[in-house]
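Chemist: no sequence on this one, just coordinates:
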């Protein structure tokens, strides 16, 4: 199955597709990818064999030239994440003048010219409620207008697929032919749990990921520890907890080290002995060694392995950028579970 990956980031979908090619009798071949962020692209190029593939880079500039789209090899499947703001602008007069509107127009041009049989796109779960549901309706109608007879979505949580992170994302599945399938989280999780063998990395909890010899630079200083472990002010207060077995959702801004009600922090007691301080008072925690996630650990929480991290670092990608890329990434195992369900278990392409 030939595919392109739009807004590829560090290749969450591609990593999943590569695993499926090795694990199953359904091969996937990437023929083109787009990513505008040069740091993410460096990580991508360091980890995947992209020889002979079309590097679309900025999708807006690429689709401005009609010949670029015409010269794209035919493909069966369009994969990727997408900026939800582009769809929220659909009904506004200035939508296509806006940069995000131009992204939507780029997707439109590719679909119109290449007519891929299937589309699988990922976004944040909150898009369901965005603008009182109007954005969701616009997205569904957009694909129906492009002659996709089956347009549906499912919300999947990363922690259901062997990665100890709470991360719910919405996935849109579109097909040119009518499908009578059960597209539910329950069915996809059930199928994933019944897979006999796969090459994915899975972990029962964060302890399976945390390294026991982290450099001192990852530990919180006494000064910042008081801010991070604090619950906030009377205007904004949320319970700060560390040592969570299932990590909070990774964010692209985790490098800024938000409070412990938003980001993930771990004590040496937890890392070395398994003793959790999840409900320990902050006054006691102030005296304990506590650290942030290392970027390699953040990547592992998204399904990428140590080799992936090492290759990115060897290519000159900074730890700062790898934190950002981890927070933006599609969880490999989640992408794998969905693609396996659709194209290996149900074989909707047949």
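Modeler: Sure thing, it's come through. Just so it is clear, the model here is predicted, and its values are computed rather than measured.
Chemist: Quick one: residues in contact with stretch 160-167.
Modeler: With C-beta atoms under 8 Å, 6 or more residues apart in numbering as the test, stretch 160-167 has contacts from 157-159, 185, 189, 192, 200-206, 208-209, 245-250, 301-303, 331, 333-334, 336-337. Just so you know, the C-beta spots here come from the backbone N, C-alpha and C atoms, and that holds for glycine as well.
Chemist: Looking at those, which are in helices?
Modeler: Those of the contacts of stretch 160-167 mapping onto helices are 185, 189, 192, 301, 333, 334, 336, 337, per DSSP state H.
Chemist: Find the pair from the residues you listed with maximum spatial separation.
Modeler: By the measure C-beta to C-beta, 185 and 301 form the most distant pair in the ones in helices among the contacts of stretch 160-167, at 19.6 Å.
Chemist: Put the buried members of the contacts of stretch 160-167 into a ChimeraX selection.
Modeler: Written as a ChimeraX command, the selection of buried residues from the contacts of stretch 160-167, which uses 16 or more other C-beta atoms under 10 Å, is:
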select :157,158,159,185,189,192,200,201,203,206,209,246,247,248,249,250,301,302,303,331,333,334,336,337
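Chemist: quick one: strands adjacent to the helix or strand containing residue 120?
Modeler: Using DSSP states H and E, residue 120 sits within strand 118-124. Strand pairing for strand 118-124, determined by DSSP bridges: strand 77-81 (parallel), strand 168-175 (antiparallel).
Chemist: right, so of the ones you listed, which gets closest to residue 58?
Modeler: With C-beta to C-beta as the criterion, residue 58 lies closest to strand 77-81 of the strands paired with strand 118-124, at 14.2 Å.
Chemist: And that closest one, how far out from the chain middle?
Modeler: Centre-to-centre, strand 77-81 and its host chain are 12 Å apart (C-alpha atoms, centre = their mean, to the nearest Å).
Chemist: What of stretch 245-252?
Modeler: That offset, for stretch 245-252, works out to 12 Å (C-alpha atoms, centre = their mean).
Chemist: Other residues contacting it?
Modeler: With contact meaning C-beta under 8 Å, 6+ apart, stretch 245-252 is reached by 159, 164-168, 205-207, 258, 262-264, 276, 293, 298, 301-302, 323-324, 326-328.
Chemist: mind listing the strands for the stretch 1-150 of the chain?
Modeler: Ranges of strands within the stretch 1-150 of the chain are 2-6, 29-33, 54-55, 77-81, 118-124, 150-157, based on DSSP state E, counting those that start in this stretch.
Chemist: Repeat that for the stretch 151-300 of the chain.
Modeler: 168-175, 265-267, 290-292.
Chemist: For those, give me TSV that also has distance to residue 342, mean neighbour count and mean pLDDT.
Modeler: Compiled in TSV, the strands of the stretch 151-300 of the chain are given as follows (distance: least, C-beta to C-beta, whole Å; neighbours: other C-beta atoms under 10 Å; pLDDT from 0 to 100):
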stretch	distance to residue 342	mean neighbour count	mean pLDDT
strand 168-175	7	21	97
strand 265-267	36	24	97
strand 290-292	36	22	98
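Chemist: would a markdown table of these with distance to residue 153 be doable?
Modeler: Shown next, in a markdown table, are the strands of the stretch 151-300 of the chain (distance: least, C-beta to C-beta, whole Å):
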| stretch | distance to residue 153 |
| --- | --- |
| strand 168-175 | 5 |
| strand 265-267 | 33 |
| strand 290-292 | 34 |
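Chemist: ok, back up a step: I'd like the strands of the stretch 1-150 of the chain as JSON lines, with mean pLDDT and distance to residue 175 appended.
Modeler: Below are the strands of the stretch 1-150 of the chain laid out as JSON lines (pLDDT from 0 to 100; distance: least, C-beta to C-beta, whole Å):
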{"stretch": "strand 2-6", "mean pLDDT": "98", "distance to residue 175": "14"}
{"stretch": "strand 29-33", "mean pLDDT": "98", "distance to residue 175": "19"}
{"stretch": "strand 54-55", "mean pLDDT": "98", "distance to residue 175": "24"}
{"stretch": "strand 77-81", "mean pLDDT": "95", "distance to residue 175": "10"}
{"stretch": "strand 118-124", "mean pLDDT": "94", "distance to residue 175": "6"}
{"stretch": "strand 150-157", "mean pLDDT": "98", "distance to residue 175": "4"}
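Chemist: Please name whichever of these is nearest to residue 66.
Modeler: Among those, strand 54-55 comes nearest to residue 66, with 14.8 Å by C-beta to C-beta.
Chemist: What is that closest one packed up against?
Modeler: strand 29-33 (3 or more C-beta pairs under 8 Å, 6 or more residues apart in numbering; DSSP states H and E).
Chemist: quick one: low-confidence parts of the stretch 201-350 of the chain?
Modeler: Along the stretch 201-350 of the chain, segments meeting pLDDT under 70 span 232-237.
Chemist: same thing but 90
Modeler: The model of the stretch 201-350 of the chain has pLDDT under 90 over residues 222, 230-240, 282.
Chemist: for the residue nearest to residue 306 when sequence neighbours are not counted, what are its contacts?
Modeler: The shortest distance from residue 306 to any non-neighbouring residue, by C-beta to C-beta, 6 or more residues apart in numbering, is to residue 296 (6.1 Å). Residue 296 makes contacts with 211, 306, 309, 322, as judged by C-beta under 8 Å, 6+ apart.
Chemist: and residue 255, how far is that from residue 165?
Modeler: Distance of residue 255 to residue 165, computed by C-beta to C-beta, to the nearest Å: 17 Å.
Chemist: These two - which one has more neighbours?
Modeler: residue 165 (26 against 20; other C-beta atoms under 10 Å).
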